[in-house]
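Visitor: here you go, sequence then predicted model.
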Amino acid sequence: MIAVALTACWTLTAALLLVVYRPGGPVDIAVGIVAIGPIAIGLAGLKWPPATHGQRAFASMTWLGLGSLLVLVPSIVGVYSQLVGGGAQTLVPSLEAAYPWALGLLGTSLFAGFGIARRALGETSMRRGRLVRGVVVAVVLALGAGSLFTVAALANELALRDKPTASSRFGPTDTERELPLCDAPLTIAASARVELSLDGDLDGRSMGSVDLAGDRSGTDFRWLAYEATTSEFGLRGLARIGEHAWVRDPFGGWRSATISEVDGGTIDSQAIVLALSRASARRPSSTASTSSKAPGRGTAGSRSTDRHSGWPSPR
């Protein structure tokens, strides 16, 4: 089963390169073809599996195969994201990004090499001899398959080095083209995802914090906030779908509410209307800071975070 999984991973990698990898180089297809090398190594391990007599040998081969799978699967996901997302056209990564592929290829080669050595020397041969022969075969297989792919990928990359890139996920690629002006009026988007983290202090003493996360689609919205302040503690939320509304109070579940109770609950729309409106921008005292201070209330600052909080469906 391990040999089947390793072969499937390398087959998926080669399929991605053959079908998706098209940067426009002269040897695009050749890059995908030479990626078949690791598939042949995996098939060899499938046909001639290594000896697994004894608990120690079985555990060693199992961990060797699982370790190879653990580094191959995330690498395949990364290559898929790069190819589909329009990332860098080169397939020869830095040393920091290449070592998972090298470890996966070496692990697959070792798995096949031990089986080939067992086939060549026989099961009755000395274990040390089979071990040495398997390591030598694995190194030769890994170097051969890795070198072929590296040469093909580098040749394709060098051919594309002076060719202008048609598109990039990082922005425009035509240096002669004028960038569009950012002079359009600010409007509210049709949908939004809001994640906020708020904290406050009074004379250097913390008043608590609020973590909020939610979504909006048109006038429909739902958000949930975790409050931990000097006056309140718990989960608070608002939700609206059409003419139906719900409210959640701390230490209570969701309850039905009227539209007037949730009016103004679209967090991002309020930010546009109150903080980024044209009238606010014309005030001489307006600043770009997100902190505010009120008499007797201390200061409250807001910062966006990468945290995502879940919430129960309103009832």
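Guide: Received it, and whenever you're ready, just let me know what you need. Numbering: from 1, shown residues only.
Visitor: check contacts around Glu232.
Guide: Pro250 (CB atoms under 8 Å, 6 or more residues apart in numbering). The way it works is simple: take the backbone N, C-alpha and C, and place the C-beta from them, glycine included.
Visitor: I'd like the numbering to begin with 874 instead of 1 from here.
Guide: Taking 874 as the first residue, the last one we looked at is Glu1105.
Visitor: got phi/psi on it?
Guide: Phi and psi for Glu1105, reported as degrees, to the nearest 10, are phi -140, psi 150.
Visitor: following the chain past the one helix or strand Asp1074 maps to, name the next helix or strand.
Guide: Asp1074 is part of strand 1064-1075 when elements are defined by DSSP states H and E. Toward the C-terminus, strand 1064-1075 is succeeded by strand 1078-1090 as the next helix or strand (DSSP H and E).
Visitor: mean confidence (pLDDT) on that next one, please.
Guide: Strand 1078-1090 carries an average pLDDT of 91.
Visitor: parallel or antiparallel, list what pairs with it.
Guide: Note on strand 1078-1090: by DSSP bridges, its sheet partners are strand 1064-1075 (antiparallel), strand 1093-1102 (antiparallel).
Visitor: now do the helix or strand following the shortest one against strand 1078-1090, angle only.
Guide: Remark: after strand 1093-1102, the chain's next helix or strand is strand 1106-1114, criterion DSSP H and E. In terms of direction (axes from the mean of the first three to the mean of the last three CA atoms, to 10 degrees), strand 1106-1114 departs from strand 1078-1090 by 20 degrees.
Visitor: what are the buried residues along the helix or strand just after strand 1106-1114?
Guide: Per DSSP H and E, the first helix or strand lying C-terminal to strand 1106-1114 is strand 1117-1121. Across strand 1117-1121, burial judged by 16 or more other CB atoms under 10 Å covers Ala1118, Trp1119, Val1120, Arg1121.
Visitor: of the strands paired with strand 1078-1090, flag the one that's most buried.
Guide: strand 1093-1102 (a mean of 18; mean count of other CB atoms under 10 Å).
Visitor: and it, how far from the chain's centre?
Guide: 26 Å (CA atoms, centre = their mean, to the nearest Å).
Visitor: can you dump the C-alpha atoms of that strand in CSV for me?
Guide: Once non-C-alpha atoms are left out, strand 1093-1102 reads as follows in CSV (Å, rounded to 0.1, in the frame of the first residue of the first chain):
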residue,chain,number,x,y,z
ASP,A,1093,-27.7,40.4,5.3
PHE,A,1094,-25.0,39.9,7.8
ARG,A,1095,-23.9,37.8,10.8
TRP,A,1096,-21.1,38.4,13.3
LEU,A,1097,-20.0,37.1,16.6
ALA,A,1098,-17.9,39.0,19.1
TYR,A,1099,-16.1,37.6,22.2
GLU,A,1100,-16.1,40.3,24.9
ALA,A,1101,-13.8,40.3,27.9
THR,A,1102,-14.0,43.7,29.5
